[in-house]
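Asks: Predicted coordinates and the sequence they were generated for:
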Amino acid sequence: MLQLDDQFLADCGLESLSNHDKQSLLQAIHLEIELRVGEALSEGMSDAQLDTFGAIVDRDEGIIRSWLAMHVPDYLSDELYQRIEDGAPDDVGELDLLSEYASMAWLSANRPDYSQIVQAEFERLKAELTARRDELLG
């Protein structure tokens, strides 16, 4: 699992940033990784695939239930769903659980290389930050 934390910044040579700057940079890094991963994942996908995934992420209940019924009708017995449900806080609603599960199941079906893409973008950004360390500390 990727960790965006003080250790990540230290690995990039940015441990001397103020706490405020660390938090701001970590938030920016998180957004940048999401953007880069999204762009990489969308390469080669159809508009229909992108629309479906977007609807799942946006918690469109009709799309989620329809996609699950068609692709994973027995999701309640799926180990992944059970882990998500077991790990969720008590106040998390069913739609949030379904959205989380459906997005992971969709990625597994449509982009089985998701983990590798995330890792590659993470390492690429880490290298860029390390190379720009002096400028960022300046």
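Replies: Looks like it came in fine.
Asks: So, low pLDDT: which residues of the protein?
Replies: Residues of the chain meeting the criterion pLDDT under 70: 1.
Asks: Could I get the full set of helices for it?
Replies: 6-11, 19-42, 47-57, 61-71, 79-87, 94-110, 114-131, 133-137 (DSSP state H).
Asks: Show me which of these has the highest average neighbour count.
Replies: Neighbour counts (mean count of other Cβ atoms under 10 Å) averaged over each of the helices of the chain peak at helix 94-110, with a mean of 17. From N, CA and C alone the C-beta is placed, and that goes for glycine too.
Asks: can you list contacts of that helix?
Replies: 41, 45, 49, 52-53, 56-57, 59, 61, 64-65, 67-68, 71-72, 75, 78, 80-81, 84-85, 88, 114 (Cβ atoms under 8 Å, 6 or more residues apart in numbering).
Asks: ditto for stretch 19-35
Replies: 2, 4-6, 8-9, 14, 17, 118, 121-122, 125, 129, 136.
Asks: Stretch 119-132 too?
Replies: Under Cβ under 8 Å, 6+ apart, the answer for stretch 119-132 is 2, 8, 11-14, 29, 32-33, 36-37, 40, 136.
Asks: Now do the spatially most central residue of the chain against residue 56, distance only.
Replies: With distances taken as Cα atoms, centre = their mean, residue 34 lies nearest the centre of the chain, 6.3 Å away. As defined by Cβ to Cβ, to the nearest Å, residue 34 lies at a distance of 16 Å from residue 56.
Asks: One more: residue 84?
Replies: Using Cβ to Cβ, we find residue 84 at a distance of 14 Å from residue 56.
Asks: per-domain residue ranges of this structure.
Replies: For the chain, automatic domain parsing gives the domain ranges 1-45+112-138, 46-110.
Asks: got the end-to-end distance for the shortest one?
Replies: This means domain 46-110. 11 Å (Cα to Cα, to the nearest Å).
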